[in-house]
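> Fold the following and give me the result.
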Amino acid sequence: MANITKKRIAIIGAGPCGLSQLIAFKQAEKEQRIELICFERQAEWGGLWQYTALTGIDPCGELIHSSMYRHLWTNGPKEMLEYVDYPFEKHFGRAVSSYPPRAIMYDYIIGRATAADIHKFIRFRTAVRFVNFDVNTKQFHVTIQDLLNEKILEHLTFDHVIVATGHYTLPNVPNFEGISKFPGRVLHSHDYRGADEFVDKNILIIGGSYSAEDIGIQCYKFGARSITISYRSFPMNFKWPDNIKEVPMLIRMEGHTAYFKDGTSVDNIDCIILCTGYRHNHSYMAEPLRLYCSGNLFIPSNLYKGIFWSAELRLAYLGMQNQTYSLNMFDIQAALVRDVFLGYVKLPDDDDEKKREEDISQWQAREQVIAANDHEGFTDLQTDYIRDIVSCCDQNTVPKFDLERAKAGFYKFFNDKREDFITFRDQTFTSIFPPYNEAPPCQIKWTKNMDDSIEGYLSSIKTT
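Next up is the predicted model:
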């Protein structure tokens, strides 16, 4: 038998996207068709879902990756992100409620990765320093560094590179007049580690999206005296408790007093939390390969099918879009990358970059007409996007789920939040997989449930 040259494939990042990609490639690796290496800066896998009390810089001098905090519970129903091949009930041996805490989510994600036996493909504490592409050899040159021995650099070549680093690590930090002289504490949500340190404090939150709403309600739960949420474009308009209010954008700080765009002010501010989002950071990619995003977009520029670098289809970026869906979408993206890189399928416009750019533009045109607060509209867009990439995959192996049921579940979720923001995490959802079971409720209401450990949470779930 003639020797078959293995394709060498690099994956950057062992968070949820990287783990989905490793699992998708596992069978091909078993058949010795590919050589697979995943590079991970952290000492463990799981990416953003890992919790650390550290902020700023880690012991190896790298930027702390995780934005997780104590007492975080999912801010969307687990049914809408569940892995097709690995239900929560399979992992925990029992049904769990629709809104579990972070520890449950992390255990679930890592449980699937452990069962898939992919740990052996990951080089931990290894940073990718530079990625370039040789147009003559059609190979990527990747420079990596062992963070435990910082003097050692390796230069490796690969046939394909997959960037799976996420985009919630580099904080976007706006400037406001007087904020640098504020006598209290100023932090970005990336460095927020728990609401229990803000008990009886007057908090100013800058931002009007998921981080702002979740940190605001967490601080309410743990006893903050008051929470003022300053929005840029429009208020979230939830039915907030009496000690949470929304105001227009901050104009300036004078001492402990905040002044806002509508002429109002709030005195006695103790702490400012910047929930102002993140910036994409792919500085290790050579300029012609580097993804730039002006914001957290559902349809980023230059990514064909939201994944493949339009100018060079041997390069893929996973999970770089704004997300309604998450884990199960990552699995489908990973399936398409596998099918394309291994030649199982051919992309519709794989030989015409102009047509690829036209396809991207058509999707972007759809996003641009959706109002910024139209959550249902963005859900429709991403549902259609997933349907499109599923249609491109090998239909025998792509993970599928009922997209219409999922979309209806998101619609219910948005409505639950509008009806009562305090109690939406107490609601239950039905699975998007047969036999479409409904999740059991948690016996302790979310506002009263202070135990987010795996043991404490599971003991609070009512089982039949």
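> so who does the residue lying closest to Asp451 once chain neighbours are set aside touch?
If the residues on either side of it in the chain are set aside, Asp451 comes closest to Tyr457, at 6.8 Å by Cβ to Cβ, 6 or more residues apart in numbering. C-betas here are computed from N, CA, C, even on glycine. For Tyr457, the contacting residues are 96, 100-101, 103-104, 442, 449, 451, by Cβ atoms under 8 Å, 6 or more residues apart in numbering.
> again with Ser233
For Ser233, the contacting residues are 208, 372, by Cβ under 8 Å, 6+ apart.
> And for Asp331?
Counting by Cβ under 8 Å, 6+ apart, Asp331 has contacts 20, 23-24, 83-84, 399.
> send the alpha carbons of the helix or strand harbouring it over as PDB?
In this structure, Asp331 is located in helix 327-341 according to DSSP states H and E. Taking C-alpha atoms only, helix 327-341 is exported to PDB below (Å, rounded to 0.1, in the frame of the first residue of the first chain):
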ATOM      1  CA  LEU A 327     -22.100  25.000  21.900                       C
ATOM      2  CA  ASN A 328     -24.300  23.200  19.300                       C
ATOM      3  CA  MET A 329     -23.400  25.800  16.700                       C
ATOM      4  CA  PHE A 330     -19.700  25.300  17.400                       C
ATOM      5  CA  ASP A 331     -20.200  21.600  16.700                       C
ATOM      6  CA  ILE A 332     -21.800  22.300  13.300                       C
ATOM      7  CA  GLN A 333     -19.100  24.800  12.400                       C
ATOM      8  CA  ALA A 334     -16.400  22.200  13.400                       C
ATOM      9  CA  ALA A 335     -18.200  19.600  11.300                       C
ATOM     10  CA  LEU A 336     -18.000  21.800   8.200                       C
ATOM     11  CA  VAL A 337     -14.400  22.500   8.800                       C
ATOM     12  CA  ARG A 338     -13.600  18.800   9.000                       C
ATOM     13  CA  ASP A 339     -15.600  18.000   5.900                       C
ATOM     14  CA  VAL A 340     -14.000  20.700   3.900                       C
ATOM     15  CA  PHE A 341     -10.400  20.200   5.100                       C
END
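> re the thing from before, neighbour-wise, which of the contacts of Asp331 leads?
Ser20 (29 neighbours; other Cβ atoms under 10 Å).
> Check for me that that residue belongs to a helix.
Yes - counting by DSSP: H, G, I helix; E, B strand; the rest coil, Ser20 is part of a helix.
> For Lys407, which non-adjacent residue is spatially closest?
Distances taken as Cβ to Cβ, 6+ apart place Thr383 nearest to Lys407, at 4.9 Å, with adjacent residues excluded.
> Domain map for this protein?
If you go by automatic domain parsing, the domain ranges for the chain are 7-169+278-406, 173-274.
> can I get these in CSV with mean pLDDT and distance to Ser431?
Shown next, in CSV, are the domains of the chain (pLDDT from 0 to 100; distance: least, Cβ to Cβ, whole Å):
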stretch, mean pLDDT, distance to Ser431
domain 7-169+278-406, 96, 5
domain 173-274, 97, 24
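> nearest to Phe421, of these?
When the domains of the chain are compared by Cβ to Cβ, domain 173-274 sits nearest Phe421, at 3.9 Å.
> Can you measure across that closest one, start residue to end residue?
Using Cα to Cα, to the nearest Å, the end-to-end distance of domain 173-274 comes out at 7 Å.
> How far away from the center of its chain is it?
In terms of Cα atoms, centre = their mean, to the nearest Å, the centre of domain 173-274 is set 23 Å apart from its chain centre.
> how many neighbours does the residue nearest to Lys407 have?
18.
> where does it land in three-state SS?
The three-state assignment at Thr383 reads helix, by three-state DSSP.
> residues in contact with it?
Listed by Cβ under 8 Å, 6+ apart, the contact set of Thr383 reads 324-325, 403, 406-407.
> same check, this time on Gly46
14-16, 19, 106, 109-110.
> Show me the strands in the stretch 1-150 of the chain, by range?
For the stretch 1-150 of the chain, strands defined by DSSP state E, counting those that start in this stretch occupy the ranges 7-12, 34-39, 122-123, 126-134, 139-146.
> Convert the C-alpha atoms of the last one to CSV, please.
When you say that, I think you mean strand 139-146. Output in CSV follows, covering the C-alpha atoms of strand 139-146 (Å, rounded to 0.1, in the frame of the first residue of the first chain):
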residue,chain,number,x,y,z
GLN,A,139,1.6,25.8,4.1
PHE,A,140,1.3,27.7,7.3
HIS,A,141,4.4,28.5,9.4
VAL,A,142,3.5,28.6,13.1
THR,A,143,5.8,29.9,15.8
ILE,A,144,4.9,28.6,19.3
GLN,A,145,6.4,29.2,22.8
ASP,A,146,6.5,26.8,25.8
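> Just the buried residues of whichever helix or strand comes after that strand, please?
Heading C-terminal from strand 139-146, the first helix or strand you meet, by DSSP H and E, is strand 153-158. Under the neighbour-count criterion of 16 or more other Cβ atoms under 10 Å, strand 153-158 has Phe158 buried.
> Stretch 454-464 now?
457-458, 461.
> and what of stretch 384-398?
385-386, 389-390, 392-393, 398.
> same question, stretch 297-314
297-300, 302-310, 312-314.
> Quickly check these for the two that are furthest apart.
Pairwise distances across the buried residues of stretch 297-314 peak at 24.5 Å for Phe298 and Arg314 (criterion: Cβ to Cβ).
> which residue ranges form the helices in the protein?
Using DSSP state H, the helices assigned to the chain run over residues 16-30, 88-92, 102-115, 210-221, 327-341, 353-368, 375-392, 403-419, 454-459.
> by contact count, what packs against the first one?
Here helix 16-30 touches strand 7-12, strand 34-39, helix 102-115, helix 327-341, going by 3 or more Cβ pairs under 8 Å, 6 or more residues apart in numbering; DSSP states H and E.
> now what about the third one, what contacts it?
The one in question is helix 102-115. Contacts with helix 102-115, where a contact means Cβ under 8 Å, 6+ apart, come from 16, 19, 22-23, 45-46, 49-51, 68, 72-74, 78, 83, 86, 88, 91-92, 96, 119, 327, 452-454, 457-458.
> Select only the buried ones of those residues in PyMOL?
In PyMOL, this line selects whichever of the contacts of helix 102-115 come out buried by 16+ other Cβ under 10 Å:
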select buried, resi 16+19+22+23+45+46+49+50+51+68+72+73+74+78+83+86+88+91+92+96+327+452+457+458
